[in-house]
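Colleague: Here is the input, now give the coordinates:
(one chain, ligands or ions: 1)
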Amino acid sequence: MTFETFDLDPLVLDSLRDMGYEKPTPVQEKSIPLVIEGKDLIALAETGSGKTAACAIPVCHKVDTSDSHIQALIVVPTRELALQYATESQKIGREKGVKVFAILGGEDMDLQRAKLKGGVHVLVATPGRLIDFIYARAINLTRVETLILDEADQMLGMGFYEDLEFIMGCLIQEHQTMLFSATMPQEIKKIAENHMKNPVELSLIGGRPAPTQLSHKLVLCRDNQAKLSQLAVLLKELNPGQCLIFTNSRREVESLCRDLKKKFSAVDFLHGGLEQGVRSIITGKFLRGKIRFLVATDVAARGLDFSGVTHVVNFHFPREQETYMHRAGRTGRSGRKGTCVTLVTRRDLKTVDQIFKKLKQKPEWIGKSF
Ligand code: AMP
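Modeller: Numbers count the residues shown, from 1 in each chain. As a prediction, this is how the structure comes out:
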């Protein structure tokens, strides 16, 4: 199957060609025709599957550039993911002249307001800032034809249930809704019942084995104190292109970053406690390869496409099994090879066993055991 099969706007096809996208990914194959048809859609989908373009392609195809109103609204949990959607949509809509804009918390509202006045076709937003604009009557959503909610379960986990209900309640005109989520908790089903019309349910992950391009390695450490020196040795041995190192708290992120800076260059950190502007700068630098080692909390674990990441290191074992997959999924993307290395102590062994049974993967133990 090729993109021509979908009868897309020729200008969108031109952009896809410029981007080097030759054929649709399986997620795109399934979802693009449904979106073009105008169906409501609930999809279980994982990141790295081409989900961003699966939304952006039909959205750009549908936009009427002679109308300067917002025609598609994409709501996502984090500013990083918002920027990813905005960039991808901009590229896909470039030849057609689709105007894309992201309104993000922490940035100057007056500037954002001015930009909106100039005409925007596709708006990407995080829930909080979007609601600020709705309350300030600074945004016109009456012409929105497509609403996309991505990482819906994460938004619910962040306490955005009422905000999502509110946003969806604001779109009173006929429109289409697409909801993407990695899991389907009860609240999502409730949202779907309240706001969607006979949604088509697609499982774009069900039963699929984890990507084989990703290898899982484990290092057994005596205790948490021993981890730092083992990490330094490990990073020298692995010699990663770019590496994301996860810890479980903001405090640990900062202290680990300080320690690594003594031994390596191009080290920085990212967590949700940083000012929004700083977070964008760090994410941008990492995407451009200016940062080699990024120490982060799970703010960097989901949704983002850091295609240059060759290694993910779990300095601490994630608190939830699901988080392991999200973290590991930051590498080995789009068919590239990736390695996820986890530093574990004996206390983690039971959880480790459970996770890998679930993943149907055999991790490799590396390094010295104690
Ligand atoms: P996502 O799951 O949206 O984070 O996308 C993962 C990666 O796949 C991104 O780097 C995209 O640029 C890339 N991608 C998406 N769709 C295609 C396609 N049809 N052909 C080639 N690369 C793609």
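
Colleague: shaky segments in this protein?
Modeller: Residue ranges of the chain with pLDDT under 70: 205-212, 303, 333-335, 368-370.

Colleague: What residues does it have near the ligand?
Modeller: Within the chain, the positions near the ligand by C-beta under 6 Å from any ligand atom are 21, 24-25, 28, 47-53, 305, 307, 333-334. All C-beta atoms are positioned from the backbone trio N, CA, C, and that covers glycine.

Colleague: hmm, try it at 8 Å
Modeller: 3, 16, 19-25, 27-28, 46-54, 84, 88, 303-305, 307, 333-334 (C-beta under 8 Å from any ligand atom).

Colleague: which of the residues you listed count as buried?
Modeller: Buried members of these, scored by 16 or more other C-beta atoms under 10 Å, are 3, 16, 21, 24-25, 27-28, 46-54, 84, 88, 303-305, 333.

Colleague: Give me the subset of those that lies in helices.
Modeller: Mapping these onto helices (DSSP state H) picks out 16, 27-28, 51-54, 84, 88.

Colleague: Going by distance to the ligand, which of those wins?
Modeller: Lowest distance from the ligand to these (C-beta to the nearest ligand atom) belongs to residue 52, with 3.2 Å.

Colleague: quick one: that closest one and residue 85 touch, right?
Modeller: Yes: counting by C-beta atoms under 8 Å, residue 52 touches residue 85, with 5.7 Å between them.

Colleague: In the stretch 101-250 of the chain, which residue sits nearest the ligand?
Modeller: For the stretch 101-250 of the chain, C-beta to the nearest ligand atom, closest residue to the ligand: residue 150, 9.3 Å.

Colleague: which residues sit in contact with that residue?
Modeller: By C-beta atoms under 8 Å, 6 or more residues apart in numbering, the contact set of residue 150 is 51, 55, 74-77, 81, 85, 180, 303.

Colleague: what about 7 Å?
Modeller: 74, 76, 81, 180 (C-beta atoms under 7 Å, 6 or more residues apart in numbering).

Colleague: Just give me the neighbour total for the second one.
Modeller: With neighbours defined by other C-beta atoms under 10 Å, the count for residue 76 comes to 27.

Colleague: do the same with the one 5 residues further on
Modeller: Residues within reach of residue 81, counting by other C-beta under 10 Å, total 23.

Colleague: which SSE is it in?
Modeller: helix 79-93 (DSSP states H and E).

Colleague: Packing partners of that helix?
Modeller: Applying 3 or more C-beta pairs under 7 Å, 6 or more residues apart in numbering; DSSP states H and E, one finds that helix 79-93 contacts helix 10-19, helix 51-62, strand 100-103, strand 122-125, helix 276-287.

Colleague: repeat that for 8 Å
Modeller: helix 10-19, helix 51-62, strand 72-75, strand 100-103, strand 122-125, helix 276-287 (3 or more C-beta pairs under 8 Å, 6 or more residues apart in numbering; DSSP states H and E).

Colleague: Can you give the strand pairings for the third one, parallel or anti for each?
Modeller: Taking DSSP bridges as the criterion, strand 72-75 pairs within the sheet with strand 122-125 (parallel), strand 146-149 (parallel).

Colleague: what's the answer for the fourth one, then?
Modeller: Note on strand 100-103: by DSSP bridges, its sheet partners are strand 122-125 (parallel).

Colleague: Identify the residues contacting the partner strand?
Modeller: Strand 122-125 has contacts (C-beta under 8 Å, 6+ apart) with 56, 59-60, 63, 70-76, 82-83, 85-86, 89, 93, 98-104, 116, 133, 139.

Colleague: could I have stretch 79-92 exported to CSV, CA atoms only?
Modeller: Coordinates of each C-alpha in stretch 79-92 appear next as CSV, following Å, rounded to 0.1, in the frame of the first residue of the first chain:
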residue,chain,number,x,y,z
ARG,A,79,4.4,20.5,25.8
GLU,A,80,7.0,18.3,24.3
LEU,A,81,4.5,16.1,22.6
ALA,A,82,2.6,19.2,21.5
LEU,A,83,5.7,20.5,19.8
GLN,A,84,6.2,17.1,18.2
TYR,A,85,2.7,17.2,16.7
ALA,A,86,3.1,20.8,15.6
THR,A,87,6.4,20.1,13.9
GLU,A,88,5.1,16.9,12.1
SER,A,89,1.9,18.7,11.0
GLN,A,90,3.8,21.7,9.8
LYS,A,91,6.0,19.5,7.6
ILE,A,92,3.1,17.5,6.3
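
Colleague: which residues sit against it?
Modeller: 12, 15-16, 18-19, 52-53, 55-57, 59-60, 74, 76, 98, 100-102, 104-106, 122, 124-126, 150-151, 276, 279-280, 283, 299-300, 302-305.

Colleague: run the last query once more with 6 Å
Modeller: Contacts with stretch 79-92, where a contact means C-beta atoms under 6 Å, 6 or more residues apart in numbering, come from 15, 19, 52-53, 56-57, 60, 74, 76, 100, 102, 104, 122, 124, 126, 276, 283, 303-305.

Colleague: do stretch 254-268 as well
Modeller: Against stretch 254-268 from outside (C-beta under 6 Å, 6+ apart): 228, 232, 247, 269, 282, 291-295.

Colleague: check contacts around residue 302.
Modeller: Neighbours of residue 302 in contact, by C-beta under 6 Å, 6+ apart: 154, 326.

Colleague: Verify the stated contact: residue 341 with residue 217.
Modeller: Yes: applying C-beta atoms under 6 Å as the test, residue 341 and residue 217 come out as touching, 4.7 Å apart.

Colleague: which of the two has more neighbours?
Modeller: residue 341 (27 against 17).
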